[in-house]
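[1] sequence unknown, structure follows:
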């Protein structure tokens with residue numbers, strides 16, 4: 001399907017032609033199976049929990065974007081297979097030139113192995129690198145927590161990430 005930006009993304013809903021608001025955003029969402037949670041989550045036993053948590057972060061992010069004046073058709077959603085893959089997806093979106101900001105959402109939940117440290121750290125570093133390399137604000141909205149309960153307590157990170165994306169897009173626009 002073709003998005004509001006004229007790009008084709010699998011699973012993206014078509015957007016009607018409309019006036020372009022001041023900010024457009026892409027939500028890069030990671031979903032996987034390794035520990036248990038959302039958008040950059042991990043663990044086989046919790047795919048359903050991961051998807052539910054990611055969707056809650058996404059719902060809060062999109063609701064806040066709309067409150068801030070970003071039109072529905074100006075927000076694209078792209079799902080990545082996991083947290084480790086989020087930076088590459090974010091980079092591909094940022095490099096299109098279609099977006100004022102990219103928001104990465106998800107959760108990496110600590111398990112009984114050192115895998116958490118590798119995935120969480122590399123995801124964070126990769127997301128930061130994408131922003132620095134492309135000049136497009138890329139917001140790290142990935143929860144890094146010990147338990148599913150901690151993830152649920154931090155669902156407002158979705159709304160906070162939306163606010164940061166809009167603020168950074170506006171700030172960089174005023175500087176450039």
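    Now that the structure is in, tell me what you want to look at. Computed from a prediction, not measured in an experiment: that's the story for all the values here.

[2] stretch 101-118 spans what distance, first to last residue?
    One end of stretch 101-118 to the other measures 26 Å (CA to CA, to the nearest Å).

[3] in it, which residues are buried?
    Of the residues in stretch 101-118, those buried by neighbour count under the rule 16 or more other CB atoms under 10 Å are 101-111, 115-116. Quick note: C-beta positions are derived from backbone N, CA and C, even for glycine.

[4] how distant is that stretch from the center of its chain?
    In terms of CA atoms, centre = their mean, to the nearest Å, the centre of stretch 101-118 is set 13 Å apart from its chain centre.

[5] look at the residue of the chain positioned farthest from its centre and give its secondary structure.
    Most distant residue from the mean C-alpha position of the chain: residue 112, 25.8 Å away (CA atoms, centre = their mean). Secondary structure assignment for residue 112 (DSSP: H, G, I helix; E, B strand; the rest coil): coil.

[6] what is the burial count for residue 161?
    For residue 161, the neighbour count with other CB atoms under 10 Å is 25.

[7] go on, the one 3 residues further on?
    Other residues near residue 164 number 17, with proximity taken as other CB under 10 Å.

[8] residue 107 versus the closest residue in space to it that isn't next to it in sequence, what's the distance?
    The spatial neighbour of residue 164 that comes closest, neighbours along the chain excluded (CB to CB, 6 or more residues apart in numbering), is residue 139 at 4.9 Å. Note on residue 139: its distance to residue 107, by CB to CB, to the nearest Å, is 15 Å.

[9] thanks a lot, see you next time.
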